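**Q** Predicted model and sequence follow; I will ask about them next.
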Amino acid sequence: MERADIVRRIIMTILGLRNAAKALLADWDSMSEADFSTRFNQLSEQIEAEISALPPDEYTAMEIEAWIRLLYIRLNALDTSKSTLNLNQQYISELIALLENTKVRVLEDEFDARLDCLPVGAKAPIEPNGPEMLMVEPSVIAALMSLLHSFGLIQPNMEPAVLSRHVSAITGYSAAEIERFLEIDNATGRLKATVASEDMQQIRRIVSCMLERLRHIMQYAPERPMGN
């Protein structure tokens, strides 16, 4: 499927779900709270199912984020003099929480490590017994090592060869494959990585996903273990 077709499908899916949510809220006055709760649960299941069925693409997260912003605007504009305020607040807040969780899952699904989820054009693992659970190239691993080194999360006095051997053990890539992208900047003492522009975009997306996951955990489940 062409990228334009994927984006069009994403837009139409999210638009349809937004319209379903609007219709539910508009029908509040004509149904009991129990009926409303039942329909909200049905809508929640529909949102999760339809978004899960979309092809993996970061545009889905962008559309969900735009929907979340609109919901916040609506939440802040509620008329506090109306009796439906509490229900509207609850409905919109629960919908925002659902979408936030769905957005995190969508972002993480882009980096699903199963080989059958590799994006078009991605390379197979470089070693038959190597990183069968990784979707990134050794250069991306090297760049992430460089970032960790720059922010003091790796011992500053370790040579690229030593670092590469350690990282090799946890990624499955050979130390040589990782080390060839690394060098020490003699002027600054920092670990530098040689990375192609397309790999830089992948790193940006990985870091963005990590930040989104951290923000979600801190906002909605501050005491939840990081791996959940």
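**A** Thanks, I have the structure now.
**Q** contact partners of the helix or strand residue 147 falls within?
**A** Here residue 147, judged by DSSP states H and E, is contained in helix 138-150. With C-beta atoms under 8 Å, 6 or more residues apart in numbering as the test, helix 138-150 has contacts from 126, 134, 154, 156, 163, 167, 171, 173, 177-182, 190-196, 199-200, 202-203, 206-207. Yep, even glycine has a C-beta here, placed from its N, CA and C like the rest.
**Q** Which members of those residues are classed as buried?
**A** Neighbour-count burial (16 or more other C-beta atoms under 10 Å) is assigned, among these, to 134, 154, 163, 167, 171, 173, 177-179, 181-182, 191-193, 195, 199, 202-203, 206.
**Q** Point out where the protein drops to low pLDDT.
**A** Within the chain, the segments meeting pLDDT under 70 span 1, 79-87, 110-135, 216, 219-228.
**Q** all strands for it, in order.
**A** Using DSSP state E, the strands of the chain run over 182-184, 191-193.
**Q** Which other helices and strands does the first one contact?
**A** Going back to what we said before, that points to strand 182-184. Contact analysis of strand 182-184 by 3 or more C-beta pairs under 8 Å, 6 or more residues apart in numbering; DSSP states H and E lists helix 138-150, helix 160-171, strand 191-193 as its packing neighbours.
**Q** Adding distance to residue 39, write those out as CSV.
**A** Shown next, in CSV, are these (distance: least, C-beta to C-beta, whole Å):
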stretch, distance to residue 39
helix 138-150, 44
helix 160-171, 47
strand 191-193, 51
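**Q** Can you say which of these is nearest to residue 218?
**A** Closest approach to residue 218 among these is made by helix 138-150 (20.8 Å; C-beta to C-beta).
**Q** now that closest one against helix 160-171, angle please.
**A** 110 degrees (axes from the mean of the first three to the mean of the last three C-alpha atoms, to 10 degrees).
**Q** Please identify the buried residues of helix 138-150?
**A** For helix 138-150, the neighbour count (16+ other C-beta under 10 Å) marks 138, 139, 140, 141, 142, 143, 144, 145, 146, 149 as buried.
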